[in-house]
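Enquirer: test case, fold it:
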Amino acid sequence: MENPEAKQRLLSIRVSSAFVCIAMLIASGCGYHVAGRTSTLPPDWTTIAIPAFTNDTTQYRIEQRL
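Expert: Modelled structure (predicted):
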């Protein structure tokens with residue numbers, strides 16, 4: 001027959017582990033939200049890209065410094 005204290009300790013570990021798992025799941029739901037309720041971007045835009053700089057000057061590698 002098992003020790004009642006060992007059973008109680010095992011139950012306590014299981015309950016605390018379940019609590020930690022649930023807390024982690026709830027915390028992972030937090031994320032970045034845009035300020036306000038609406039978006040100012042057009043609805044057909046799915047990606048915003050910034051093209052790389054090109055050097056149209058006579059200075060060498062000026063785009064790398066920018």
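
Enquirer: pLDDT score assigned to L66?
Expert: The model reports L66 with a pLDDT of 63.

Enquirer: same question for G36.
Expert: G36 is given a pLDDT of 65.

Enquirer: now A6: how far from S12?
Expert: 11 Å (CB to CB, to the nearest Å). Every C-beta, even on glycine, is put in place using the N, C-alpha and C of the backbone.

Enquirer: next: P42.
Expert: 55 Å.

Enquirer: those two - which one has more neighbours?
Expert: S12 (10 against 6; other CB atoms under 10 Å).

Enquirer: mind listing the helices for the chain?
Expert: 4-28, 62-65 (DSSP state H).

Enquirer: comparing the ones you listed, which yields the minimum mean pLDDT?
Expert: helix 62-65 (a mean of 68).

Enquirer: re the thing from before, which stretch among the helices of the chain comes nearest I50?
Expert: I50 lies closest, by CB to CB, to one member of the helices of the chain: helix 62-65, at 12.9 Å.

Enquirer: V20 - how many residues pack around it?
Expert: Residues near V20, counting by other CB under 10 Å: 10.

Enquirer: who are the contact partners of it?
Expert: V20 makes contact with no residue, according to CB atoms under 8 Å, 6 or more residues apart in numbering.

Enquirer: how much space separates it from A27?
Expert: From V20 over to A27 (counting by CB to CB), the distance is 10 Å.
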